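# curious how this folds, go ahead:
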Amino acid sequence: MASTQPTIQLDEDLTPPVLDPSKPWYSAIKPGVFIPAVVIIVGFILFSVLAPTTAAEVLAAIRSSVIEYVGWYYALLVTAFVVFAVWMGASHFGDIKLAHEDESDEKPEFGMGAWLAMLFAAGMGIGLVFWGVAEPLNYFADTDNYNIINAPTGDPAGAAEASLVQSFLHWGLHPWAIYVIVGLAVAYSVHVKRRPISLRWTLEPLSSIKKLKGWRGNVVDVIAVVGTLFGVATSLGFGVMQIASGLEIVEITDETSPLALVYLLLIGIITLIATASVVSGVGKGIKWLSNINMGMALALLLFVFVSGASLYFVRQYIEGIGAYLSSFLTLSFNTAATTGPAGVDWQGAWTAFYWGWWISWAPFVGVFIARISKGRTVREFVLGVLLVPALFSLLWFTVLGGGALKVEIEQGGLIIDGGVDTEGVLFSFLQTFPGGTIVAGLTILLIAMFFITSSDSGSLVIDMLASGGMVEPPTWSRVMWSLIEGAAAAALLLAGLATLAREAGVGLFQLTSADVAALNLDPADSGSALSALQDMAITIAFPFSIIMILMCVALVKEFHRQRSLTLRAERRLRRQELTQEVAETLVEDGLVVTTPGDGRARFAWRRKK
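Predicted structure coming up:
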C-alpha cells in the first residue's frame, strides 16, 4: 500500500547550519539571538555582583507581583497543559508519526528500551537530590502554620502522607506535561518538517517563514535562551548550596566558614570541570558522566530502600499514588485564595516556584526529548514522556522523602526548633543508616557530577538555540555559555546571601551558616537563602509561558492540517483500490472485455447462458 503520509514542503534556506572551519569564528552565531541574550544575561550578572541587595529586592518585588496577580494563571495553565498532553496522546492525533514521509516506514531511531531509559535519565537531576528529602519534611514542619496541604492537625501519619502527596503534585504529571508540549512541538518541527533545532519554527503554523526568520523569531529564541540559562543556573545554585552543607556535615568546612567564599569556590571548581567536559566532546563528556550519574543515583535509591523499611516503601508508593490521583484536581487548582498573605507567600515559595522552574527548563528538556524521539508516534511520545519519568520521581520521593518522614515521626531529629535545614537535611537523614557518613560523602560527589552534566548539557542546548540550530556548535561558544551559567548561579546566590547578611547585621563575605541558622528562616520566607533562586524561576517563566500557549495552538492547527491531508490521501487510495477491484471483478465475470492492441475496456453486451 502506498504511503498516506502528507507531503511536507521543505525550504532549502531552513536546513540546519553546519560549522565551517574556513569561516571566521563569529560566523557560528546568530547575531539576532546571541547578542541580545548575552547582553541581558551579562547585564543581570553585573547588576547582581555590583548591587546584590538591590538585585534581590528587585527580584522579590517582581516575584510578589507575579504571585499576587498571575499566580492563578500558573496554576490554571500548567494543569491545562496536562489535559492538553493527554488529549494529544488519546485523540486521533496520536497516530501521527514524528518522522518525515521519506522515513515514515522506518523504525524509531532508538528501541523502546533504550528510549525509555533515556527518558528515565531525563528525570534525574540536581532537583531530585536536593528536594527529595527536604520538600516533604518542610511541608510536615509547616502543617500547623499554613492551611495549604490539607494535612490533619494532630495526626502525624496523615500529615506525613499529605506532605508526600503535595510533593507528588510538583514532581508528577505536571512538569512532564510541560515538557511534552515543548518536546512535541520541537520534534514535529525537526523530524517531520526538517527545520533546524530552533524554537521559532514550532510557531510556523501561526506565522510566515519570512516573519519567523526576522525579529519575531529572534524574540522567541532569545526568551528561550535566557529562560533556559537561568533555569539551569537555578538548579546549579541548589546544587552548590547542598554541596556546601554536605561539606560542613562531613567536617571539611565548619559553620564559621564564610558562605559566599565557599559558594564561589565551589562554583569555580565545578564550572572548570564542566568546561573540561565541554571541550572533551559530547561522546566523551556528557554521555560518560550521565551514565555514572544514573548509576550513582540508583545506588543511592537502592541503599535507602534496602537499609530502610522496604515493605513500607512499597505500600507507601502504591498508597501515595492513589492519594495523589484522588486529590489531583483539588491540589492542581489550589491558589491559596482563602489562606491570607502567609498562604500566598507559601504558594509562591513552593507551587508557583515549581511551575516557573519547570517552564524555564522546558526548552532544555524539550529539545533533548525531541532529539531522541524520531520515529515515535505522538501517542508513544506522550505516554512515554508523561509516565516513565513521573513514576520514577514519585518512587524517589516515596523512598527518600517517605523514609525521612518515617524517621522524623519515630525518632525525631530532622526537624529542629520547628524548622528544616533544607540544604543539609539529606545528609542528616543518610547518617541515620549504617555507613551513612560514607554514603553522604558519595552523595556530595553525585551532586557535583549532576552540576557538571547539567552545565554541560545546558550549554549545548543554549548554544544550539543561539547559533540558529547548529547541531554541533563550536567549542568556544559552548565554553562561553558554560562559564556564563556558572556566573549566573554565583550572581543569584550572592543576591540571596546579601539579603541574609543585611538581616544578620554582617558583611556579605562575613556571613556564615551559623548566622543563617540564627535567623531561623524557612523556604517560604522572602529573605531565605533560596529566595533569589526561586524569584528568578518564577519571573523568567512568565514570557516563555506565553510562547508555550502559542505552541499548543500551532500544534493543533498543524495536526489538524496533517490529519486532514492524511484522511484525503486515505480516501483517494481507497477509491483507487475500489476502482481496481471492481474493474477486475467485471473482467472476471465477462461483463467487461479489453480490446487487444489499445487496452481499452468495453462492456460486453451479451446475455449469459
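# how far away from the center of its chain is the longest helix seen in the chain?
Taking DSSP state H as the criterion, the chain has its longest helix at helix 531-588. Using CA atoms, centre = their mean, to the nearest Å, we find the averaged C-alpha position of helix 531-588 to lie 24 Å away from the chain's own average C-alpha position.
# quick one, strands of this structure?
415-416, 419-420, 592-594, 601-603 (DSSP state E).
# among the ones you listed, which gets the worst mean confidence?
When those are compared by mean pLDDT, strand 601-603 comes last with a mean of 54.
# may I have stretch 345-354 exported as CSV, CA atoms only?
Coordinates of the C-alpha atoms in stretch 345-354 are reproduced here as CSV (Å, rounded to 0.1, in the frame of the first residue of the first chain):
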residue,chain,number,x,y,z
ASP,A,345,3.8,33.5,50.2
TRP,A,346,3.8,29.8,50.8
GLN,A,347,2.2,29.2,47.4
GLY,A,348,4.8,31.4,45.8
ALA,A,349,7.7,29.6,47.5
TRP,A,350,6.5,26.2,46.5
THR,A,351,3.9,25.6,43.8
ALA,A,352,4.3,28.8,41.8
PHE,A,353,8.1,28.4,42.1
TYR,A,354,7.9,24.8,40.7
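# returning to what we had before: run through the neighbouring helices and strands of the longest helix of the chain.
Judged by 3 or more CB pairs under 8 Å, 6 or more residues apart in numbering; DSSP states H and E, helix 531-588 is in contact with helix 52-90, helix 173-187, helix 215-249, helix 340-349, helix 351-371, helix 475-504, strand 592-594, strand 601-603. All C-beta spots, glycine's among them, are computed from the backbone N, C-alpha and C.
# show me which residues of stretch 392-399 are buried.
Buried residues in stretch 392-399, defined by neighbour count with 16 or more other CB atoms under 10 Å: 392, 393, 394, 395, 396, 397, 398, 399.
# and of those residues, the nearest to residue 180?
Closest to residue 180 out of the buried residues of stretch 392-399 is residue 393 (14.7 Å), distances taken as CB to CB.
# can you give me the pLDDT of the closest one?
Model confidence at residue 393 (pLDDT) stands at 92.
# so who does the residue nearest to it when sequence neighbours are not counted touch?
Computed as CB to CB, 6 or more residues apart in numbering, the closest residue to residue 393 that is not its neighbour in sequence is residue 171, at 4.2 Å. When the contact criterion is CB atoms under 8 Å, 6 or more residues apart in numbering, the partners of residue 171 are 128, 131, 390, 393, 394, 396, 397.
# low-confidence stretches in the stretch 351-500 of the chain?
Counting by pLDDT under 70, the stretch 351-500 of the chain shows no low-confidence range.
# try 80 this time
Applying pLDDT under 80 to the stretch 351-500 of the chain picks out residues 417-418, 453-454, 456-457, 471-472.
# list the buried residues of stretch 550-557.
Neighbour-count burial for stretch 550-557 [16+ other CB under 10 Å]: 550, 551, 552, 554, 555.
# neighbouring contacts of it?
Identification of contacts with stretch 550-557 by CB under 8 Å, 6+ apart yields 81, 84, 88, 181-182, 184-185, 188, 202-206.
# swap in 6 Å and give it another go.
Judged by CB atoms under 6 Å, 6 or more residues apart in numbering, the contacts made with stretch 550-557 from elsewhere in the structure are 84, 181, 185, 202, 203, 205, 206.
# try stretch 514-521
Against stretch 514-521 from outside (CB under 6 Å, 6+ apart): 255, 419, 500, 503, 504, 506, 528.
# fine by me, we can end here.
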